[in-house]
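K.L.:
here is a sequence together with a model predicted from it:
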Amino acid sequence: MDGTASGRWQASISQWNGLVYKIPRARLKETEDIPELNTPGVYFLFGNECGQEFVYVGEADNVQKRILQPHLFEKNGSQWDDAVIYVTPDGSLEKGRVKYLEHYFYKQACDCARYIVKNGNTPTESQVRREVRDSLMIAVENIKLIMPTLGYKVFAPSKSADPSPKIMLHLAGKKAKAEGYLNADGSIIVRKGSTFCLTETNSCKKYLKERRAELIKQKQVVNGEFVEDVRFTSLSTAAGCILGASVNGKDLWLYPDGKSFKKKNSQ
């Protein structure tokens, strides 16, 4: 829209009445030339915190006005970078429909587990007629198709949902033990049931402390144990969060034969 890839984007699909916009935070106040953004819609706020991507899913009667207002997760210092917004020029997205979509996309983002979901509570699922639900599923599929082209794979199932056999890695420290497996992109999924050291060493870097605090706040770690599978962007970030120390994860994550990731992949 602005002649540059880092500016505003508009995406649409032939014979579909929906419009999807990607608006950088810095350009949000410049969107007065887009009247559709002053209508009901569903929005996604994307950002990166401590090396981990996050998303917030919301809805509003006036999307532009709502996004300009502070969100609860921002009170802790988090800041989103881009807003992705779904609206319809004909105004067909009344309250029940946007509430239904908000709940649906929230659940999808949680199930895919690629991003931290910043919503403090589960959005309420509104009841809609079957024919309305069927029409909304068309919008869902189109948004899922558009979202990766805008740079976000939030609705692409993570490797944790892959039923094929996996080679597990394990990590053992003095106060924590964990299992996980690698994704093709170099990230690692730490398995539910892995333990977590509640104390931190003096070497623990700020970004690790913040990530650890977020795991506890989001109740992904409860009483020193992972209660769900959690994705980390690197072996070192995962190991550092688990042990509460700045460490080289390639030395500490081991294959079933006892060889470290570093040693096995340097052969």
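P.N.:
Alright, I've got the coordinates. Residues are numbered from 1 along each chain as shown.

K.L.:
any low-confidence regions in the stretch 151-267 of the chain?
P.N.:
For the stretch 151-267 of the chain, applying pLDDT under 70 flags the ranges 158-166, 184-185, 267.

K.L.:
what's the local residue count around Asp111?
P.N.:
Here the number of neighbours of Asp111 (other CB atoms under 10 Å) works out to 13. C-beta: built from backbone N, CA, C; applies to glycine.

K.L.:
show me how far stretch 56-65 is from its chain's centre.
P.N.:
Distance, stretch centre to chain centre, for stretch 56-65: 18 Å (CA atoms, centre = their mean, to the nearest Å).

K.L.:
residue contacts, Asp257?
P.N.:
For Asp257, the contact set (CB atoms under 8 Å, 6 or more residues apart in numbering) is empty.

K.L.:
what about it, distance to Lys250?
P.N.:
Counting by CB to CB, to the nearest Å, the separation of Asp257 from Lys250 is 16 Å.

K.L.:
now do Tyr152
P.N.:
Distance, Tyr152 to Lys250, by CB to CB: 28 Å.

K.L.:
show me the helices in the stretch 151-267 of the chain, by range?
P.N.:
206-217, 235-243, 249-252, 261-264 (DSSP state H, counting those that start in this stretch).

K.L.:
same for the second one, what does it pack against?
P.N.:
By that I understand helix 235-243. strand 169-172, strand 177-182, strand 188-190, helix 206-217, helix 249-252 (3 or more CB pairs under 8 Å, 6 or more residues apart in numbering; DSSP states H and E).

K.L.:
Val98: which of these is closest?
P.N.:
Closest to Val98 of the helices and strands packed on helix 235-243, according to CB to CB: helix 206-217, at 27.4 Å.

K.L.:
how far off centre is that closest one?
P.N.:
On CA atoms, centre = their mean, the centre of helix 206-217 falls 16 Å from that of its chain.

K.L.:
that one - contacts with which helices or strands?
P.N.:
strand 41-49, strand 221-222, helix 235-243.

K.L.:
who does the shortest one touch, helix- and strand-wise?
P.N.:
The elements that strand 221-222 packs onto, with contact taken as 3+ CB pairs under 8 Å, 6+ apart, are helix 206-217.

K.L.:
contact partners of the helix it packs on?
P.N.:
With CB under 8 Å, 6+ apart, helix 206-217 has contacts from 49-52, 116, 196, 200, 221-222, 230, 237, 240-241, 244-246.

K.L.:
can you redo the helices and strands packed on helix 235-243 as JSON lines with distance to Thr122 and mean neighbour count?
P.N.:
Below are those laid out as JSON lines (distance: least, CB to CB, whole Å; neighbours: other CB atoms under 10 Å):
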{"stretch": "strand 169-172", "distance to Thr122": "32", "mean neighbour count": "19"}
{"stretch": "strand 177-182", "distance to Thr122": "27", "mean neighbour count": "19"}
{"stretch": "strand 188-190", "distance to Thr122": "23", "mean neighbour count": "25"}
{"stretch": "helix 206-217", "distance to Thr122": "16", "mean neighbour count": "17"}
{"stretch": "helix 249-252", "distance to Thr122": "33", "mean neighbour count": "19"}
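
K.L.:
so for Asn142, which of the ones you listed sits nearest?
P.N.:
Here strand 188-190 is closest among the helices and strands packed on helix 235-243 (CB to CB), at 28.8 Å.

K.L.:
helices and strands around that closest one, which ones?
P.N.:
Counting by 3+ CB pairs under 8 Å, 6+ apart, strand 188-190 packs on strand 177-182, strand 230-232, helix 235-243.

K.L.:
what is the orientation angle of the longest one with strand 177-182?
P.N.:
In other words, helix 235-243. 160 degrees (axes from the mean of the first three to the mean of the last three CA atoms, to 10 degrees).

K.L.:
on that earlier part again, among the helices of the stretch 151-267 of the chain, which comes closest to Asn76?
P.N.:
So among the helices of the stretch 151-267 of the chain, helix 206-217 is nearest, using CB to CB, at 8.1 Å.
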